[in-house]
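Chemist: any chance you can model this:
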Amino acid sequence: MNDSFFFKITPTLRSRSVPVTFLRRFSYKDIKNATDGFSRVIGTSSHGASYKAKFQNGRFAVVKEIHLVDQQDDDSFYREVQLLGRLHHRHIVALNGFSVGRKRFLVFENVENGSLKEHLNDPLKTPLDWRIRQKIAVGVAAALEYLHFFCDPPVYHVSISSSTIMLDENYNAKLSDVGLLGSGSDHITARRTSSYNERTGQVYGNIMYELGLLILELITGQSSDKTGTDLSQWIEESCFPTSIHNMIDPDLGNDYDSREVKGLLAVARFCIKSADEPNSFTPQIYRYLQKKVSILLS
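Modeler: Down below sits the predicted model:
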């Protein structure tokens, strides 16, 4: 297949002030044909529907429609395309192109194994083993380190959940909801009892809270969408160490290292407790998880 179909350099596209370069620009007709008339819906969000797409060269992709409030948001869309086009990390779903005109779309790489949520909740799928679950936690942490410490400016608009984490053919985690016009962690804010405003430190705290819940979901197999509050309360209780064995996902059987489970639970607890004091967070959490994965893969 010709990869240049997705990575064709296009002429600079400008709104009033923001250039967009080095991304494929698709026509509305391209998108309509690839999604079979917008019939291949795979999900919806506040920004619009997401579609499975197959282009003429046989290459698959995921197309996300972006709804704008009004035309005054044009610059926001172009800035978003420019931002996402500059992100290059093995644990972040890559933006391959965009479309403007009658409607606005972002075209992302296709990730073969679907979402983490499917693998944790679909009884027809082979359960994820302990090694893969650890690798997923490390991959997410590595992506966050890149977004927070190696991007200029730092990217804080990111949603972390089993629904937004995709798995490639080797079960490497890829964040799929990054910077989408400020989507960020607003749904977590609504679930939590703390009153958060829009300051960066507090958004950062929400991200840490989400990371903690994700680790708990990997260990317990329980959906954080439904039991997030219960999971966070459990790990903050003084008696939680005595109930760890009962909380481990039955799909794991006895195929896990109890010391490693306790180590990840300590990380999850730290993330959840740090959510209320986000300025106390340091990159050490990433280093700890990355060290664990290097041992696993050696």
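Chemist: can you pull out the strands in this protein?
Modeler: 13-14, 19-20, 24-25, 41-45, 48-54, 60-66, 95-99, 104-109, 165-167, 173-175 (DSSP state E).
Chemist: rank these by mean pLDDT and give me the bottom one.
Modeler: Comparing the strands of the chain by mean pLDDT, the weakest confidence falls on strand 13-14, with a mean of 46.
Chemist: what's the end-to-end length of stretch 39-52?
Modeler: 9 Å (CA to CA, to the nearest Å).
Chemist: ditto for stretch 77-94
Modeler: Between the opening and closing residues of stretch 77-94 we find a distance of 17 Å, counting by CA to CA.
Chemist: can you put the strands of the chain in CSV and add mean neighbour count and distance to residue 149?
Modeler: The way it works is simple: take the backbone N, C-alpha and C, and place the C-beta from them, glycine included. Putting the strands of the chain into CSV (neighbours: other CB atoms under 10 Å; distance: least, CB to CB, whole Å) gives the following:
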stretch, mean neighbour count, distance to residue 149
strand 13-14, 14, 30
strand 19-20, 16, 25
strand 24-25, 18, 29
strand 41-45, 14, 27
strand 48-54, 19, 29
strand 60-66, 21, 26
strand 95-99, 24, 21
strand 104-109, 24, 24
strand 165-167, 25, 20
strand 173-175, 25, 15
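Chemist: distance to residue 208 for the ones you listed - can I get that in TSV?
Modeler: Shown next, in TSV, are the strands of the chain (distance: least, CB to CB, whole Å):
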stretch	distance to residue 208
strand 13-14	36
strand 19-20	32
strand 24-25	35
strand 41-45	22
strand 48-54	26
strand 60-66	26
strand 95-99	25
strand 104-109	25
strand 165-167	16
strand 173-175	15
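Chemist: out of these, nearest to residue 262?
Modeler: strand 173-175 (21.8 Å; CB to CB).
Chemist: against which helices or strands is that closest one packed?
Modeler: Applying 3 or more CB pairs under 8 Å, 6 or more residues apart in numbering; DSSP states H and E, one finds that strand 173-175 makes contact with helix 130-145, strand 165-167.
Chemist: in the longest helix belonging to the chain, which residues are buried?
Modeler: In terms of residue count, the longest helix belonging to the chain (DSSP state H) is helix 200-220. Residues 202-220 are the ones in helix 200-220 that count as buried (16 or more other CB atoms under 10 Å).
Chemist: got it, and stretch 140-149?
Modeler: For stretch 140-149, the neighbour count (16+ other CB under 10 Å) marks 140-148 as buried.
Chemist: show me where pLDDT drops low in this protein?
Modeler: By pLDDT under 70, the low-scoring segments of the chain are 1-21, 68-73, 180-201, 224-229, 238, 277-283, 290, 292-298.
Chemist: report the central residue of it.
Modeler: The centre of the chain sits closest to residue 175, judged by CA atoms, centre = their mean, with a distance of 2.8 Å.
Chemist: would you mind measuring from that one to residue 287?
Modeler: When CB to CB, to the nearest Å is the yardstick, residue 175 and residue 287 sit 19 Å from each other.
Chemist: follow-up on the earlier one: between the strands of the chain, which one is nearest to residue 133?
Modeler: Smallest distance to residue 133 across the strands of the chain (CB to CB): 10.0 Å, for strand 173-175.
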